[in-house]
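Novice: Predicted model and sequence below, questions to follow.
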Amino acid sequence: MVEKCSLACQVLVLTCFSAANAKPNMAPANSIASFLNWNEHESHCGGQHQSPINIESNKAFLANYPEFIFHKYDRVFPEILENDGHTVELKIEEQGMGEELPFITGGGLGDRYNFVQLHFHWGESVRGSEHRINGKQYPAEMHIVHYNSKYGNFNDALPHADGLAVFGVLIELQPRDNIAFRHLEQFDNIVNPSTTNTDALQFSVPLSELLPYNTGSFFRYNGSLTSGNCNEDVTWTIFDTPIAISERQLAKFRLLRDGNGNQLIQNVRPTQLLHERVVMYRPDMMDYEPNFNPTNPFLSFPNIFSAFPNVFQSFQSNYERNY
């Protein structure tokens with residue numbers, strides 16, 4: 001697990017993300033150089049709240065967010081796997097009237113956020129994550145995208161500062177395959193863009209099986225999409241516990257091709273400046289005392305949140321209003 005944070009700082013997290021119903025206008029994705037001058041391509045990409053970022057754990061503010069509640073994350077739905085030329089998306093097929101898709105509450109978000117899709121980022125080596133923690137880049141990263149239900153749908157939520165909530169799940173390597181990622185075996189059917197594999201029964205898996213075993217500790221910051229127009233309307237949650245797949249499974253991503261027929265081996269946007277933002281950190285309260293060692297000794301009291309609830313809530317409200 002990543003070393004826990006302590007003080008105050010600023011951070012910016014990344015995430016690349018493909019709209020569920022619209023394909024973003026993107027720079028070519030097969031080269032890091034393609035991403036270096038995005039501010040010249042799209043107006044928002046040169047903004048002050050861009051993603052991804054490098055998270056410095058010892059500069060993050062403590063937060064007493066409640067735990068996430070994952071609704072219907074344990075259900076199996078028919079799933080669609082698609083290569084959009086920039087990444088591979090996993091989406092749930094449209095359900096009948098009255099059938100709810102997975103959604104999340106809690107985690108300090110304030111509203112209900114409905115699942116849209118999940119997608120991946122990877123590189124040509126073991127450095128393929130968009131977000132970094134203390135400078136460490138992981139082999140890959142998964143983004144689980146949700147929209148704020150009060151706006152009705154993804155496209156209507158997109159223009160709003162609280163419109164989107166994205167989980168950033170870092171991926172490391174292990175010797176054996178991760179059976180939860182058996183849908184990777186279907187990538188042979190979607191090598192080229194705009195082809196969809198709808199044989200859901202072969203690879204459908206509950207979203208809960210794709211999450212880290214510990215979702216109680218995470219970093220939080222306000223940032224942007226990492227593709228398309230780079231809209232600055234994403235509340236990022238970066239779990240500090242990674243998941244793991246095998247080297248063989250990681251190689252499956254590199255089979256895919258972009259819209260020009262090139263091997264899709266580097267769909268990673270470089271980290272962006274934090275500017276005036278701050279990064280929050282919620283420690284897992286169950287292991288708070290033994291594992292959390294902030295540099296500020298004042299914060300080392302295990303009951304800091306219960307001792308100063310009004311002060312902390314005031315700070316949290318000001319942070320969320322200003323950032």
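Specialist: Received it, and whenever you're ready, just let me know what you need. Keep in mind the model is a prediction, meaning the values are calculated, not measured.

Novice: and residue 54, how many neighbours?
Specialist: Neighbours of residue 54 under the rule other Cβ atoms under 10 Å: 20. Glycine gets a C-beta too; all of them are placed from N, C-alpha and C.

Novice: Now do it against residue 273, distance only.
Specialist: 10 Å (Cβ to Cβ, to the nearest Å).

Novice: ok, the closest residue to residue 171 other than its chain neighbours - contacts?
Specialist: Take residue 171 and drop its neighbours on the chain: the residue closest to it by Cβ to Cβ, 6 or more residues apart in numbering is residue 140, 4.0 Å away. For residue 140, the contacting residues are 120-123, 128-129, 171, 245, 250, 253, by Cβ atoms under 8 Å, 6 or more residues apart in numbering.

Novice: Okay, now the unreliable bits of this structure?
Specialist: Across the chain, the ranges flagged by pLDDT under 70 are 1-43, 96-98, 195-203, 286-323.

Novice: okay, which residue is most central for this structure?
Specialist: Geometric centre of the chain, nearest residue: residue 168, 2.3 Å, by Cα atoms, centre = their mean.

Novice: Please look at it and residue 237 and confirm they touch.
Specialist: Yes. Judged on Cβ atoms under 8 Å, residue 168 makes contact with residue 237 at a distance of 6.8 Å.

Novice: Tell me how far residue 264 lies from residue 187.
Specialist: Separation of residue 264 from residue 187 (Cβ to Cβ): 11 Å.

Novice: So for the two, which residues contact both of them?
Specialist: 253, 256.

Novice: more crowded one of these two?
Specialist: residue 264 (24 against 19).

Novice: Give the burial count for the residue lying closest to residue 47 once chain neighbours are set aside, as a bare number.
Specialist: In this structure, residue 47 finds its nearest non-sequential neighbour in residue 232, 5.3 Å apart by Cβ to Cβ, 6+ apart. For residue 232, the count of nearby residues is 17 (other Cβ under 10 Å).

Novice: I'd assumed residue 234 was in contact with residue 165.
Specialist: Yes. Under the criterion of Cβ under 8 Å, residue 165 is in contact with residue 234, at a separation of 7.4 Å.

Novice: Among the two, which residue is more densely surrounded?
Specialist: Neighbours were counted for residue 165 and for residue 234 using other Cβ under 10 Å; residue 234 has more, 29 against 24.

Novice: residues contacting that one?
Specialist: Contacts of residue 234 (Cβ under 8 Å, 6+ apart): 15, 17, 51, 164-166, 222-225.

Novice: for residue 188, same thing?
Specialist: residue 255.

Novice: How about the secondary structure of it?
Specialist: helix (DSSP: H, G, I helix; E, B strand; the rest coil).

Novice: Against residue 256, how distant is it?
Specialist: Counting by Cβ to Cβ - residue 188 and residue 256 are separated by 10 Å.

Novice: Same check on residue 247?
Specialist: On the measure of Cβ to Cβ, residue 247 and residue 256 end up 17 Å apart.

Novice: The residue nearest to residue 171 bridge partners, please.
Specialist: Following DSSP bridges, residue 140 is listed with bridge partners residue 122, residue 171.

Novice: Also residue 83?
Specialist: When bridges are called by DSSP bridges, residue 83 pairs up with residue 88.

Novice: And residue 280, by the same measure?
Specialist: Under the criterion used (DSSP bridges), residue 280 bridges to residue 61, residue 220.
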